[in-house]
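1. Quick one, structure for this:
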Amino acid sequence: MDRPDLLALLQRVAVGDVDPRGAFDRLAGLTDAGLAHSRPDTTRALRTGDPEVVYGAGKTPAQTAEIVAALRAATPGRAVLVTRAGEEHAAALPDAVHDPVGRTLVAGPLPAPIGSIVVVAAGTSDAPVAAEAATTARVFGAGVTRIDDVGVAGLHRLLAVVDTLAAADALVVVAGMEGALPTVVAGLVGVPVVGVPTSVGYGVAAGGLPALAGMLSSCAAGLVTVNIDNGFGAAVHAARIARARHAA
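-> Numbers count the residues shown, from 1 in each chain. Predicted coordinates:
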């Protein structure tokens with residue numbers, strides 16, 4: 001159940017379509033789905049407007065499938081997202097849509113898109129993080145456009161898409177190596193920018209630490225930064241911006 005579902009239930013009680021006891025019984029069932037290994041949060045959408053998400057790394061395929069089944073039973077008609085999902089997780093959830101690049105699984109229908117998020121990747125090597133961000137944003141209800149391979153090594157490529165960037169509600173900008181792209185983007189357009197440092201790079205790139213430090217110490221206003229390779233976290237933040245901008 002999410003906020004629109006709860007409001008609809010209360011409205012039905014108000015007009016007499018549902019008796020109070022029936023509503024009570026339904027609400028009383030909104031508890032964490034206790035499994036032998038996990039306690040999926042079935043009321044997160046009700047509290048925050050965002051769905052529970054399954055982090056696949058470290059979970060067995062069977063555990064992942066059980067958690068997804070519990071969430072789908074508690075929130076019918078809503079998509080369930082699994083991040084950091086491998087081929088073995090996909091095999092355990094054959095009805096889910098698997099993106100092997102972004103390592104995501106989506107079980108169930110996507111919501112109608114609200115607003116516009118653009119996911120910008122500096123290079124093709126940043127594609128896994130950008131793909132995770134794009135899928136997450138769609139599951140969280142935003143419309144998504146991808147722009148790939150527009151890093152600072154060829155600024156003419158970025159300048160050619162400035163109009164698309166400026167029209168978005170929020171931008172997720174993914175970059176490795178020195179991590180300069182989010183700063184450049186934040187200096188070009190007045191749109192909220194979420195920078196995502198990636199672990200892409202040689203030697204002193206040190207698994208993304210220089211990119212993270214560069215984004216955190218950026219001189220450009222309007223840029224916030226998430227953890228290394230955290231396309232999921234960036235997309236959730238951007239989707240909340242888009243949802244707030246288009247709230248009735």
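2. number of nearby residues for Val236?
-> 21 (other Cβ atoms under 10 Å). Glycine gets a C-beta too; all of them are placed from N, C-alpha and C.
3. Assumed it was part of a helix.
-> Yes. The assignment for Val236 is a helix, going by DSSP: H, G, I helix; E, B strand; the rest coil.
4. list the contacts for Ser125?
-> By Cβ atoms under 8 Å, 6 or more residues apart in numbering, the residues touching Ser125 are Gly176, Thr198, Val200.
5. And for the first one, the neighbour number?
-> Gly176 has 26 neighbouring residues, counting by other Cβ under 10 Å.
6. Now do it against Ile117, distance only.
-> Between Gly176 and Ile117 the computed distance is 20 Å (Cβ to Cβ, to the nearest Å).
7. cool, the second one as well?
-> Separation of Thr198 from Ile117 (Cβ to Cβ) stands at 18 Å.
8. And for the closest residue to Ala221 other than its chain neighbours, the neighbour number?
-> In space, and not counting its chain neighbours, Ala221 is closest to Ala186: 6.9 Å by Cβ to Cβ, 6 or more residues apart in numbering. When counting by other Cβ under 10 Å, one arrives at 24 neighbours for Ala186.
9. So Ala186 lies in a strand, does it not?
-> No. When classified by three-state DSSP, Ala186 is found to be helix rather than part of a strand.
10. Now for Gly141: which residues touch it?
-> Neighbour list for Gly141: Pro111, Ala112, Pro113, Ile114, Ala239, Ala242, Arg243 [criterion: Cβ under 8 Å, 6+ apart].
11. packing partners for the helix or strand Ile67 falls within?
-> Assessed by DSSP states H and E, Ile67 sits inside helix 61-74. Other helices and strands packing on helix 61-74, by 3 or more Cβ pairs under 8 Å, 6 or more residues apart in numbering; DSSP states H and E, are strand 53-55, strand 80-83, helix 87-92, strand 104-107.
12. hmm, try it at 10 Å
-> Contact partners of helix 61-74 among helices and strands, from 3 or more Cβ pairs under 10 Å, 6 or more residues apart in numbering; DSSP states H and E: helix 44-48, strand 53-55, strand 80-83, helix 87-92, strand 104-107.
13. what is the rounded mean pLDDT of that helix?
-> The predicted model assigns helix 61-74 a mean pLDDT of 90.
14. chain center to stretch 90-97, what's the gap?
-> For stretch 90-97, the distance from its own C-alpha centre to the chain's C-alpha centre is 19 Å (Cα atoms, centre = their mean, to the nearest Å).
15. Just the C-alpha atoms of that stretch, please, in PDB.
-> What follows is stretch 90-97, C-alpha atoms only, in PDB (Å, rounded to 0.1, in the frame of the first residue of the first chain):
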ATOM      1  CA  ALA A  90      17.700 -13.400 -12.900                       C
ATOM      2  CA  ALA A  91      17.300 -17.100 -13.300                       C
ATOM      3  CA  ALA A  92      15.400 -17.300 -10.000                       C
ATOM      4  CA  LEU A  93      13.100 -14.500 -11.200                       C
ATOM      5  CA  PRO A  94      12.300 -15.400 -14.800                       C
ATOM      6  CA  ASP A  95       9.400 -13.000 -15.000                       C
ATOM      7  CA  ALA A  96      11.500 -10.000 -14.100                       C
ATOM      8  CA  VAL A  97      13.200  -7.700 -16.600                       C
END
